[in-house]
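A.B. asks: Below: sequence and its predicted model.
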Amino acid sequence: MNMVWLQVIIAAVIEVFWVIGLKHADDFWTWTGTIIAIILSFYLMIMAGKKLPVGTVYAVFVGLGTAGTTFADIAFFGEPFQFIKILLIAILLAGVIGLKLVTKDKETEGAES
């Protein structure tokens, strides 16, 4: 796997933490952690956008973040499991995977010609 795509995946994982932090932070340290997570995830996403198409990076970032946040809500915060919600997220992830498969790095596009 390309290291730039790994940056996008790590940014999406960190996104899950800051989204949870936005809902549950209630003191100085949890808000500080949330703010650091926001800065780090957006930094990684922006850096990946310098080598990959920005629209694709953003779609993958948001899609993986949505799936991760939904999983965390169900697994750790008592959100009820709904099959239709999981099905729709699976469809979203299929689109995200499809975008990743058809997107080439900016660095390798010129090397093909």
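C.D. replies: Received, thanks.
A.B. asks: From here on, just use CA atoms for contacts and neighbour counts.
C.D. replies: Will do.
A.B. asks: Need the mean per-residue confidence for the helix or strand where I35 lies.
C.D. replies: Secondary structure from DSSP states H and E places I35 in helix 28-49. The average of the pLDDT scores along helix 28-49 is 96.
A.B. asks: and that helix, how far out from the chain's middle?
C.D. replies: Relative to the centre of its chain, helix 28-49 is centred 12 Å away, using Cα atoms, centre = their mean, to the nearest Å.
A.B. asks: Alpha carbons only: can I get that helix in PDB?
C.D. replies: The C-alpha coordinates for helix 28-49 follow below in PDB (Å, rounded to 0.1, in the frame of the first residue of the first chain):
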ATOM      1  CA  PHE A  28      -9.500  20.900  29.700                       C
ATOM      2  CA  TRP A  29      -7.600  17.700  29.000                       C
ATOM      3  CA  THR A  30     -10.300  16.000  26.900                       C
ATOM      4  CA  TRP A  31     -10.800  19.200  24.900                       C
ATOM      5  CA  THR A  32      -7.000  19.500  24.400                       C
ATOM      6  CA  GLY A  33      -6.800  16.000  23.100                       C
ATOM      7  CA  THR A  34      -9.800  16.600  20.800                       C
ATOM      8  CA  ILE A  35      -8.200  19.800  19.400                       C
ATOM      9  CA  ILE A  36      -4.800  18.000  18.900                       C
ATOM     10  CA  ALA A  37      -6.600  15.100  17.100                       C
ATOM     11  CA  ILE A  38      -8.400  17.600  14.800                       C
ATOM     12  CA  ILE A  39      -5.200  19.300  13.900                       C
ATOM     13  CA  LEU A  40      -3.300  16.100  13.300                       C
ATOM     14  CA  SER A  41      -6.000  14.400  11.200                       C
ATOM     15  CA  PHE A  42      -6.500  17.500   9.000                       C
ATOM     16  CA  TYR A  43      -2.700  17.900   8.600                       C
ATOM     17  CA  LEU A  44      -2.400  14.300   7.400                       C
ATOM     18  CA  MET A  45      -5.300  14.800   5.100                       C
ATOM     19  CA  ILE A  46      -3.900  18.000   3.600                       C
ATOM     20  CA  MET A  47      -0.500  16.400   3.100                       C
ATOM     21  CA  ALA A  48      -2.100  13.500   1.300                       C
ATOM     22  CA  GLY A  49      -4.000  15.900  -0.900                       C
END
